[in-house]
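K.L.:
Show me the folded form of this:
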Amino acid sequence: MAKTLELKLKEGDVAPAFSALSTSGKTVSSTDFEGKSFVLYFYPKDDTPGCTKEACAFRDSMADFAAKNLLVLGVSPDTVKAHEKFTTKFSLPFPLLADEGHTIAEAYGVWGEKVFMGRRYMGVNRVTFLIDGEGRIKKIWPKVSPEEHAKEVLAAA
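P.N.:
Next up, the predicted model:
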């Protein structure tokens, strides 16, 4: 059995800085969001059942996120090319960050041991962070139900 993920970061902490290539073709950095609140959601892999449900739930709620002036960013270890295919296939209106070296996942404490069908491996745990305009973590969701998660985030924003 895999260890329960114990996050080092807590609500109220300063969010770790990050920088990565995105589906926009540009490097996206945490400094781009100074003074703005945003959602940073980590997911394991593009175009898999749970990850697709979660991304589409965020997509379907984008008008509500925009009404709250809240930006959404997805992060996984997939390549920009894989992210572009995923974005196109499901018409995702928000950037996906390519964290191929899992440095962002490690900084946020979401990289860890996982077990799937008896196989142990290292990977990204599905965790979401709501980061306020001051760069502090306002809320953390360490356990996520992909279909309902976007609504949970909106309710807390």
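K.L.:
Please count neighbours and contacts with C-alpha atoms only from this point.
P.N.:
Noted.
K.L.:
Val124: what's it in contact with?
P.N.:
Residues in contact with Val124 (Cα atoms under 8 Å, 6 or more residues apart in numbering) are 42-44, 76-77, 105, 110-112.
K.L.:
again, but for Gly74
P.N.:
Neighbours of Gly74 in contact, by Cα under 8 Å, 6+ apart: 40-43, 55, 94-97.
K.L.:
Helices - which of those land there?
P.N.:
In this view, these that belong to helices under DSSP state H are Ala55.
K.L.:
Quick check: of the contacts of Val124, which lies closest to Ala157?
P.N.:
Phe42 (17.7 Å; Cα to Cα).
K.L.:
Thr31 - nearest residue in space that isn't next to it in sequence?
P.N.:
Nearest residue to Thr31, sequence neighbours excluded (Cα to Cα, 6 or more residues apart in numbering): Ala17, at 7.5 Å.
K.L.:
thought that neighbour was touching Ser30?
P.N.:
Yes - with contact defined as Cα atoms under 8 Å, Ala17 reaches Ser30; the gap is 5.5 Å.
K.L.:
Pass me the low-pLDDT residue ranges in this protein, would you?
P.N.:
Per-residue confidence for the chain (pLDDT under 70) gives these ranges: 1-5.
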